[in-house]
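Engineer: sequence first, then the predicted structure, then my questions.
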Amino acid sequence: MGYFYPPHSINCSKVKAEQNEQALLKGLANNDSKAIETIYKDNFSMVQAFVLNNNGSYDDARDVFQEAMIALYEKAQSESFVLTCQIKTYVYSICRRLWLKKLQQLGRFSNQVDNLDETVPVEEDLEIHEKRNAEFAIMDRAMKSLGEPCKSLLEGYYLKKMGMQELAAEFGYTNADNAKNQKYKCLMRLKKLFFSQYNIGE
Amino acid sequence: MDDIQLLANIENYLAGEMSPTEVAVFEALRKKTPEIDQMVVEHKLFQHQIADYAATQNIKHTLHEVHARLLENDDVNEGGEISAKAQVVQLWNRYKRVTAIAASVGGVIALVISGLVAYFSPVVNGNQIQQLSKDIEIIKRNQQYQGSLINEVKSKIPNGVTVISGGSGFLIDAKGFIITNAHVLKGTAAIVVDSKGREYNASIVHIDTKKDLAILKIEDEDFEPLKSLPYSIGKSNADLGDEIFTLGYPRNDIVYGVGYLASKTGFNGDSLSYQIQISANPGNSGGPVLNNNGEVIGVLSTRQAQADGVAFAVKSKNIFECVNEAKDSNTILENIKIPTHSNLKGLQRKQQISKVADCVFNVKAFSKK
């Protein structure tokens, strides 16, 4: 049950990653959809083939790939970030790790075969990524149990980066100050919800 | 200062939106009240968390958008067209176990069914019946043997012809008409050899492959017609358990065999023949099967290959039918007189044999060139 079909070419250059790739990563860090699209196009079918060939579905392939993209995004954001190999290699390594783990959890995969695919060690990065995922899950739960209009108000403020004036108009507050007041109330509740979970989590 | 005001102040302080005097006041407050100090640290952490959360949510959103866009532009496929191979491999991997189980179950069922079919289906004919004519090799051997044994008599088989088949035959008329099996006569002509090794030329008068009977006529000036035949040809059916005997030429010398009538029908219920229990070999074909009274009840023809001693004989009444049919087309048969009275009744077997042996011939069929 454990055959791996490695992508045709992964060349991990130990030399500094190419400038082009650096630019792409910078774009990814800034949530630039053009850069994301390029990375997506270049790497997705490889990951898809890997997942499909190893007991996965199209949906699995998409989830795994996007998870890897987020991990890469997180890495690209940190200031100390230097990618020592090609994006392709990194993404493939992350996806491979993620998918094998998933398979093990599902019990669909029993004996992992040592293989000669060129990969880079990603365990550490994934650990950080998972810790962050856990934190985000807490935030997500807190947000969802907040209820309306607090949830939409805070999403508008933090996710959509809307100004108080805009929010007041959108939600029908008479002025920005009232909206701001309401935002603080909601924020206090969110903090309460978040820290009740977060402390337990710690 | 109520909670909301405090929160607003902390946000402003963290965002650096306070005037220097306000900052000084606020920092003094932080120092004085550890709770507020704690709140500031906590809020800083929270702000960091929610900013990361927001950024990640946004990137997820972008990823979904990009995915949808690429899907629309066919840069990404999710329907199997991308690589049929991948899909096949995927399906194979997914259903490998099911397939394996199904295949084994199928195999077991196939075995069981074939076993059942083999068990319940009636035994098919196949090569279970062996005609008792000798093959060429045996005959060749016989010829050599005979040649060396009887030097003074030259074989009447013409030079350069191949002997195709051989068997036994016996007289049904003292003038030289011999009955044998149709399968014995595979060639176009034949010679017959009597028990004393004398050869006579014979012509094939009639062949009835349906009854597996054939009539030969000795046409040789050396042949001296007999006054009468010692045995009779039976017209009625014989009875089960009748003791029978036969004379034939499984080899170059005449061979006697004894047995009993086992069944009134032949192989697979064939009503034209009897089943008899007798030791018969290739070469016995065409030999007479007689009962104790010296009545011919059949013509030994075949045996069952897989069973020991099980042989079959064409019923003697077929001889009459065969002769009658042949009479229509052959004027030569007009005067044929099949014996209906046996002179062997009450005689000892040895005497019976010595009288019958004179009328039993070794038949060798060959093709004229």
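Structural biologist: On my side now, so go ahead.
Engineer: show the subsequent helix or strand relative to the helix of greatest length in chain B.
Structural biologist: In chain B, assigned by DSSP state H, the helix with the most residues is helix B:34-72. Proceeding N to C from helix B:34-72, the next assigned helix or strand is helix B:84-120, under DSSP states H and E.
Engineer: which elements pack onto that following helix?
Structural biologist: Identification of packing neighbours for helix B:84-120 by 3 or more CB pairs under 8 Å, 6 or more residues apart in numbering or on different chains; DSSP states H and E yields helix A:33-53. All C-beta spots, glycine's among them, are computed from the backbone N, C-alpha and C.
Engineer: I figured residue A:143 hits residue A:190, correct?
Structural biologist: Yes - in this structure residue A:143 lies within contact range of residue A:190 using CB atoms under 8 Å: 6.9 Å.
Engineer: ok, back up a step: mind listing what's buried along the longest helix of chain B?
Structural biologist: B:36, B:39-40, B:43, B:46-47, B:49-50, B:52-57, B:59-60, B:62-63, B:66-67, B:70 (16 or more other CB atoms under 10 Å in any protein chain shown).
Engineer: so where's chain A shaky on pLDDT?
Structural biologist: Within chain A, the ranges that satisfy pLDDT under 70 run A:1-18, A:79, A:108-118, A:199-202.
Engineer: show me how it divides into domains.
Structural biologist: Using automatic domain parsing, the domains assigned to chain A come out as A:19-123, A:145-201.
Engineer: measure residue B:13 to residue B:253 for me?
Structural biologist: Distance, residue B:13 to residue B:253, by CB to CB, to the nearest Å: 134 Å.
Engineer: between the two, which one's more packed in?
Structural biologist: residue B:13 (19 against 13; other CB atoms under 10 Å in any protein chain shown).
Engineer: skip the chain neighbours and tell me the closest residue to the more buried one.
Structural biologist: Leaving aside its sequence neighbours, residue B:13 sits nearest to residue B:26 (CB to CB, 6 or more residues apart in numbering or on different chains; 5.3 Å).
Engineer: in this structure that neighbour contacts residue B:18, no?
Structural biologist: Yes - under the criterion of CB under 8 Å, residue B:26 makes contact with residue B:18 at 6.5 Å.
Engineer: overlap in contacts of those two?
Structural biologist: Both residue B:26 and residue B:18 are in contact with residue B:9, where contact means CB atoms under 8 Å, 6 or more residues apart in numbering or on different chains.
Engineer: so where do the strands sit in the chain?
Structural biologist: No chain was given, so I picked chain A. Using DSSP state E, chain A contains no strands.
Engineer: wait, chain B was what I had in mind.
Structural biologist: B:129-131, B:162-173, B:177-180, B:189-193, B:199-208, B:213-218, B:232-233, B:243-248, B:255-263, B:273-277, B:288-291, B:295-304, B:310-315, B:360-367.
Engineer: in the second one, which residues are buried?
Structural biologist: If I follow you right, that is strand B:162-173. Buried residues in strand B:162-173 (16+ other CB under 10 Å): B:163-173.
Engineer: nearest to residue B:111 among the residues you listed?
Structural biologist: residue B:165 (43.2 Å; CB to CB).
Engineer: where's the closest one relative to chain A, distance?
Structural biologist: 66 Å (CB to the nearest CB, to the nearest Å).
Engineer: you'd agree that residue is up against residue B:183?
Structural biologist: Yes - with contact defined as CB under 8 Å, residue B:165 counts as touching residue B:183 (7.4 Å).
Engineer: near the spatially closest residue to residue A:58 that is not a sequence neighbour, how many other residues are there?
Structural biologist: Counting by CB to CB, 6+ apart, residue B:78 is the residue found nearest to residue A:58 once chain neighbours are left out, at 4.3 Å. Per other CB under 10 Å, the neighbour tally for residue B:78 reads 14.
Engineer: residue contacts, residue B:78?
Structural biologist: A:58, A:62, B:71.
Engineer: recalculate using a threshold of 10 Å.
Structural biologist: A:48, A:57-59, A:61-62, B:67, B:71 (CB atoms under 10 Å, 6 or more residues apart in numbering or on different chains).
Engineer: ditto for residue A:72
Structural biologist: Listed by CB under 10 Å, 6+ apart, the contact set of residue A:72 reads A:24-25, A:28-29, A:39, A:43, A:81, A:83, A:87, A:90-91, A:94, A:125, A:129, B:59.
Engineer: ok, the closest residue to chain A within the stretch 201-350 of chain B to residue B:224 distance?
Structural biologist: When scored by CB to the nearest CB, the stretch 201-350 of chain B has residue B:306 as its residue closest to chain A, at 51.2 Å. For residue B:306, the distance to residue B:224 (CB to CB) stands at 44 Å.
Engineer: which secondary element of chain B has the worst mean pLDDT?
Structural biologist: helix B:136-149 (a mean of 67; mean pLDDT, DSSP states H and E).
Engineer: quick one, domains of chain B?
Structural biologist: B:3-70, B:79-121, B:130-367.
Engineer: okay, those, which one's buried deepest?
Structural biologist: domain B:130-367 (a mean of 19; mean count of other CB atoms under 10 Å in any protein chain shown).
Engineer: what average pLDDT does stretch B:339-348 get?
Structural biologist: On average, the pLDDT along stretch B:339-348 is 86.
Engineer: quick one: terminal-to-terminal distance for it?
Structural biologist: 21 Å (CA to CA, to the nearest Å).
Engineer: between the longest helix of chain B and helix A:33-53, how many degrees?
Structural biologist: 70 degrees (axes from the mean of the first three to the mean of the last three CA atoms, to 10 degrees).
Engineer: for helix B:34-72, packing partners?
Structural biologist: Judged by 3 or more CB pairs under 10 Å, 6 or more residues apart in numbering or on different chains; DSSP states H and E, helix B:34-72 is in contact with helix A:19-29, helix A:33-53, helix A:58-77, helix A:123-144, helix A:176-201, helix B:3-15, helix B:20-32.
Engineer: got these as CSV, with distance to residue B:231 columns?
Structural biologist: Formatted as CSV, these follow (distance: least, CB to CB, whole Å):
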stretch, distance to residue B:231
helix A:19-29, 113
helix A:33-53, 88
helix A:58-77, 93
helix A:123-144, 106
helix A:176-201, 116
helix B:3-15, 135
helix B:20-32, 143
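Engineer: OK, contacts around the spatially most central residue of chain A?
Structural biologist: The centroid of chain A falls nearest to residue A:70 when counting by CA atoms, centre = their mean (2.4 Å). Contacts for residue A:70 (CB under 10 Å, 6+ apart) come out as A:28, A:94, A:129, A:132-133, A:136, B:55-56, B:59-60, B:63.
Engineer: run the last query once more with 8 Å
Structural biologist: A:129, B:56, B:59-60, B:63.
Engineer: ok, what's across the strand from the closest residue to residue B:336 other than its chain neighbours?
Structural biologist: Nearest residue to residue B:336, sequence neighbours excluded (CB to CB, 6+ apart): residue B:173, at 4.9 Å. According to DSSP bridges, the residues that bridge with residue B:173 are residue B:177.
Engineer: my understanding was that residue B:173 contacts residue B:340; is that so?
Structural biologist: No - using CB under 8 Å, residue B:173 is not in contact with residue B:340, being 11.9 Å away.
Engineer: what is the burial count for residue A:177?
Structural biologist: Neighbours of residue A:177 (other CB under 10 Å): 11.
Engineer: state the distance from it to residue B:308.
Structural biologist: 118 Å.
Engineer: try residue B:244
Structural biologist: Distance of residue B:244 to residue B:308, given as CB to CB: 17 Å.
Engineer: again with residue B:294
Structural biologist: Residue B:294 is 28 Å from residue B:308, by CB to CB.
Engineer: now do the contacts for residue A:27.
Structural biologist: Contacts for residue A:27 (CB under 8 Å, 6+ apart) come out as A:34-36, A:38.
Engineer: alright, calling it a day.
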